[in-house]
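> Pasting the sequence and the predicted model now:
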Amino acid sequence: MASKRSTKKKGSVKRGAPKGMALLRDPTLNRGTGFTESQRDALGLRGLLPPRVHTQDEQVKRVHAQFRRLSNDLEKFVNLNSLHDRNEALYFRLISDNPDEMMPIIYTPVVGLACQNYGQIFQRPRGMFISARDRGRIESVLRNWPHRPVGIIVVTDGERILGLGDLGADGMGIPVGKLALYTACAGVHPNLCLPVMLDVGTDNESMLNDPFYIGIKQKRLRGRAYDNFVDEFLTAVQKVFPGTVVQFEDFATQHAFRLLKKYRDRICTFNDDIQGTAAVALAGVYSALRINGAKLADQKFLFLGAGEAATGICDLLSSAMAGQGLSANEARKRCWLVDSHGLVVKSRGDLAKHKLPYAHEHPALPDFLSAIEALKPTAIVGVAAVGGMFTREVLESMARINERPIVFALSNPTSKAECTAEQAYRWTGGRVIFACGSPFDPVTLNGKTFVPRQGNNSYIFPGLGLGAIASKARHITDEMFAAVAQTLAGQVTAADLAQGSIYPALTRIREVSAHIAAAVAEVAYARGLAATRRPKNVLAYVKSHMYDPHY
């Protein structure tokens, strides 16, 4: 298990390690002007660097100043990528020291813009591109990856990138960004992280006509050919990187549910859009109930959207409500969905399989506002990636029905947000309990300042992965997601709640992730799913596996 950087005496040389220019060109080893005098002598760097030695703190200040001088977010994204390509430790140190500023750039919302422009800003490949042309030889392709072991793979086929749709191979920015968060937020060693793009083509005509598009220019594989391709990939992963965690990311709904169902009991895998989103939403609900003093079993949830995120949240919510005494059927009846055709009800004959558990007996309703008026939910959750749908009428209706309405506008990027934080607070008279999918600035209303926080999966999946890797879990279970939701909510302080924040500050993300990792590992040990013995102190054990980006 790779963990922290070497603790050998400074200046010592690892046998067989690169020296000179080869060392400076290796971002996993390069420290730039941070190499000490003795290291420069031992590693053949004398004369290849400016003579002054800079501390890493000084280097962080310099690259941070360079970053802040840039005029737009896409330039900042490219700047951080360039730093990652030069000096990996400095890159992760900058992110870890400034999470509020850096995470929106390396992941949502800016990563969506980056993916839309990926072919134009492409400089250097990161991760692995497995294309439809590699069928029959995927195992040999995977063996080209230089690092062993691999602890976590984030894989996408680019068909449903955030709320932006089919971006094909240009969606590679998503697994790259996710894995950067594994390291920055939970200390998973970079060498354990492998981003993978399954390039099966794209049905996006603008991509097919783009001269800078980086993927194969063909329509998507469908049907048996697609399934066989994915199966060959996952079979090869188990041979080349046995025991690795596989995270499915941004697959289209028609694939996401069935792939998770097919493989979750065969390999160590999860779908972040279904299960990670569910866990972070449930944690937010737990925090919200600390504010309004209500019980989970008394809540009624109405979802704008009926895809993988919505039904994943419903599954975990109903399971948690059943744990508080409701029957499984009663719990499901407290979760309602609205899709593009209106309220999802049992009488509709056009329903996909994943919607059926939440299709209840009720007259058909045409839209979200009419569903609010009829059902009188205590909480609304937006996961449809249709911007502006939590209108003034919607929010005023929720405030009329509830003393403290719960409103989660979770779609991202920002252009897809159901409402802004300003709108949520202003149109409910400051009574809303709010979470967002994209970052918003604090809002001051009637002399009180509210600090909205993202219901971001980065609170969940990095710690989940760390716990699975540290315990060598054979599977990731629903019980683990329930445990991490409770753990995340438990990390929210009274001071957070007082300012309207239902998630912890990002400045605490590594500590929060360590506790989440410990919760995952505890379930793995308790259920006989771990390939390692339970240590005396699980929290200390998972912390010992956390990568430290300091030189």
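Structure's in. What do you need?

> so residue 265 touches residue 474, yeah?
No. The pair residue 265 and residue 474 fails to qualify as a contact (CB atoms under 8 Å) at a distance of 9.9 Å. The way it works is simple: take the backbone N, C-alpha and C, and place the C-beta from them, glycine included.

> Would you mind listing the buried residues in the one helix or strand residue 519 maps to?
Element membership for residue 519, per DSSP states H and E: helix 509-526. Neighbour-count burial for helix 509-526 flags 509-510, 512-525 (criterion: 16 or more other CB atoms under 10 Å).

> now stretch 76-83
So, applying 16+ other CB under 10 Å, buried residues of stretch 76-83: 76, 77, 78, 79, 80, 81, 83.

> Need the residues you listed in JSON lines (columns: distance to residue 422, secondary structure and pLDDT).
Below are the buried residues of stretch 76-83 laid out as JSON lines (distance: CB to CB, whole Å; DSSP: H, G, I helix; E, B strand; the rest coil; pLDDT from 0 to 100):
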{"residue": "76", "distance to residue 422": "24", "secondary structure": "helix", "pLDDT": "98"}
{"residue": "77", "distance to residue 422": "25", "secondary structure": "helix", "pLDDT": "98"}
{"residue": "78", "distance to residue 422": "30", "secondary structure": "helix", "pLDDT": "98"}
{"residue": "79", "distance to residue 422": "29", "secondary structure": "helix", "pLDDT": "98"}
{"residue": "80", "distance to residue 422": "28", "secondary structure": "helix", "pLDDT": "98"}
{"residue": "81", "distance to residue 422": "31", "secondary structure": "helix", "pLDDT": "97"}
{"residue": "83", "distance to residue 422": "33", "secondary structure": "helix", "pLDDT": "98"}
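
> And the helices in the stretch 151-300 of the chain?
Assigned by DSSP state H, counting those that start in this stretch, the stretch 151-300 of the chain shows helices spanning 173-186, 205-208, 223-240, 253-263, 277-292.

> Most tightly packed of these?
Neighbour counts (mean count of other CB atoms under 10 Å) averaged over each of these peak at helix 173-186, with a mean of 27.

> Just name whatever secondary elements that helix is in contact with.
helix 88-97, helix 99-106, helix 110-116, strand 152-156, strand 193-199, helix 461-471, helix 509-526 (3 or more CB pairs under 8 Å, 6 or more residues apart in numbering; DSSP states H and E).

> what helices or strands is the helix holding residue 519 leaning on?
Counting contacts by 3+ CB pairs under 8 Å, 6+ apart, the secondary-structure elements packed against helix 509-526 are helix 173-186, helix 461-471, helix 478-490, helix 538-544.

> For that helix, which outside residues touch it?
By CB atoms under 8 Å, 6 or more residues apart in numbering, the residues outside helix 509-526 that reach it are 96, 99, 184-187, 458-460, 462-464, 466-468, 470-471, 473-474, 476-477, 479-480, 483-484, 486-488, 490-491, 504, 529-530, 534, 538-539, 541-543, 546.

> same deal with stretch 431-438?
Residues beyond stretch 431-438 that count as contacts (CB under 8 Å, 6+ apart) turn out to be 104, 108-109, 284, 288, 291-292, 382, 395, 398-399, 403-414, 416-417, 421, 424-425, 450, 452-456, 500, 502-503.

> Any idea how many residues pack against residue 155?
Other residues near residue 155 number 24, with proximity taken as other CB atoms under 10 Å.

> Identify the bridge partners of it.
With DSSP bridges as the criterion, the beta-bridge partners of residue 155 are residue 196, residue 248.

> pretty sure it is touching residue 200, no?
No. Proximity of residue 155 to residue 200 does not meet the contact threshold set by CB under 8 Å, at 11.7 Å.

> where does the protein have low pLDDT?
Low-confidence regions of the chain, defined by pLDDT under 70, span residues 1-15.

> Now with 90, please.
When the per-residue scores of the chain are filtered using pLDDT under 90, the ranges that remain are 1-17, 108, 163, 349-350, 412-413, 438.

> quick one: contacts for the nearest residue to residue 45 once chain neighbours are set aside?
Nearest-residue entry for residue 45: residue 35, 5.6 Å, with adjacent residues in sequence omitted and distances by CB to CB, 6 or more residues apart in numbering. Residues in contact with residue 35, defined by CB under 8 Å, 6+ apart, are 43, 45, 49, 53.
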